[in-house]
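>>> just need the structure, nothing else, for what follows:
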Amino acid sequence: MTGTKRTAVTLVVITVLLSLVIGMVGIVGVTGLSDTAAELKQHIIVQLQIPLILTACLVGAALSTSGATLQVVLRNPLADPGIIGITSGASLVAALLLLLTPQWATAYLHYLLPLGCFIGALLSTFIIYRLARKLLGSSTAVILAGIAISTLSGAVIAWLYMFSDANALRNLTFWLMGSLYQTNWLILAVGGPLIAVAVALQLYFAGDLNKLYAGELAAKSSGVDVEKLTERALIVCAIAVGTAVSMAGSIAFVGLLVPHILRLIIGHNNRYLLPLSALSGASLLMLVALSSEMTRAITLPVSMVTATLGGPLLIWALAKGQIKG
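Presented below is the predicted three-dimensional model:
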């Protein structure tokens with residue numbers, strides 16, 4: 001690594017860690033500096049704000065790292081968990097549960113929803129992978145299969161909208177826009193280790209992912225089993241994204257934009273890109289959570305904030321010719 005790249009990596013690490021610390025201190029400080037009674041403060045911090053911090057870190061890391069991995073494996077700069085259809089299965093199952101769950105089962109919906117979304121994400125990934133295998137398993141086939149699944153899921157959700165009541169529609173709309181306030185310690189205890197293992201496995205794949213930059217034939221000649229690597233990467237990304245979506249709903253742009261911005265700063269070496277993507281995604285959602293905590297009158301939908309920030313940055317990158325196929 002050159003001196004310039006080393007400096008860039010160091011600056012990114014310092015900035016990201018500083019953002020994480022500011023987010024954590026700010027979120028806890030909002031309650032700590034209030035006039036609330038001490039016992040209530042402790043309950044809010046332990047039961048609400050620490051889960052909020054952990055959710056932001058886990059979901060941001062999962063989406064950003066998976067986005068970076070998918071962009072390399074599929075050799076497409078626009079590959080993203082949302083664009084290739086991983087989140088579409090989760091969204092469809094969420095819509096079915098939110099709109100069709102009978103009244104007697106609503107008390108269990110808080111736990112049924114994460115489980116259903118996780119299963120939906122894995123199922124959609126399985127269908128996408130099987131469809132892609134029918135089309136000779138190319139990266140383009142994976143993306144086309146993902147678009148097909150996303151389109152079909154969107155159509156089913158639209159039909160469900162037509163026949164649902166106002167309260168169910170409001171719940172679904174809020175879920176589809178993303179929220180970091182849907183978890184508790186039980187959900188974190190189940191989802192946290194899944195995301196941690198999935199992200200760690202992606203970091204383990206970094207060396208082989210670097211060899212894909214030279215092309216599939218060159219990667220095979222250097223000893224990489226490209227088909228097996230692609231299969232494993234898709235499964236691991238599906239687990240990470242499925243767990244993230246089950247915890248926080250559908251969140252846009254994080255998996256697409258964070259890896260692109262980092263590549264412009266530190267380059268394409270996945271040994272640095274993947275861990276910094278995890279840290280940067282975590283810090284981004286941490287700052288989103290802090291902004292939501294500071295506007296207590298309303299809970300900001302996460303996708304609204306990330307799309308507002310990410311849209312202009314993506315347009316700028318396209319205008320500058322920074323994103324190339």
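>>> quick one: neighbours of the closest residue to D208 other than its chain neighbours, just the number.
Distance criterion C-beta to C-beta, 6 or more residues apart in numbering; nearest residue to D208, sequence neighbours excluded, is V224 at 5.0 Å. Heads up, the C-betas are built off the backbone N, CA and C, glycines and all. Neighbour count for V224, taken as other C-beta atoms under 10 Å: 20.
>>> which secondary structure state does V224 sit in?
Following DSSP: H, G, I helix; E, B strand; the rest coil, the label given to V224 is coil.
>>> and the residue nearest to M286 when sequence neighbours are not counted, how far from L52?
In space, and not counting its chain neighbours, M286 is closest to G23: 3.2 Å by C-beta to C-beta, 6+ apart. Distance from G23 to L52, counting by C-beta to C-beta, to the nearest Å: 10 Å.
>>> who touches both of the two?
Counting by C-beta atoms under 8 Å, 6 or more residues apart in numbering, the shared contacts of G23 and L52 are A289.
>>> thinking again about what came up before, ok, now which ones touch the residue nearest to M286?
G23 is in contact with I53, A56, S283, M286, L287, A289, L290, counting by C-beta under 8 Å, 6+ apart.
>>> neighbour count for the residues you listed - can I get that in a markdown table?
Shown next, in a markdown table, are the contacts of G23 (neighbours: other C-beta atoms under 10 Å):
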| residue | neighbour count |
| --- | --- |
| I53 | 22 |
| A56 | 28 |
| S283 | 25 |
| M286 | 26 |
| L287 | 20 |
| A289 | 27 |
| L290 | 22 |
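>>> what's the pLDDT at the residue nearest to M286?
Here the pLDDT value assigned to G23 is 89.
>>> and the one 5 residues further on, by the same measure?
Note on V28: pLDDT of 86.
>>> what's the answer for I266, then?
90.
>>> and Q182, by the same measure?
At Q182, pLDDT is 85.
>>> same question for L318.
Per-residue pLDDT puts L318 at 69.
>>> what packs against whatever helix or strand M247 lives in?
Using DSSP states H and E, M247 sits within helix 226-248. Secondary-structure packing of helix 226-248 (3 or more C-beta pairs under 8 Å, 6 or more residues apart in numbering; DSSP states H and E): helix 50-73, helix 86-100, helix 109-134, helix 185-204, helix 206-211, helix 216-221.
>>> much appreciated, bye for now.
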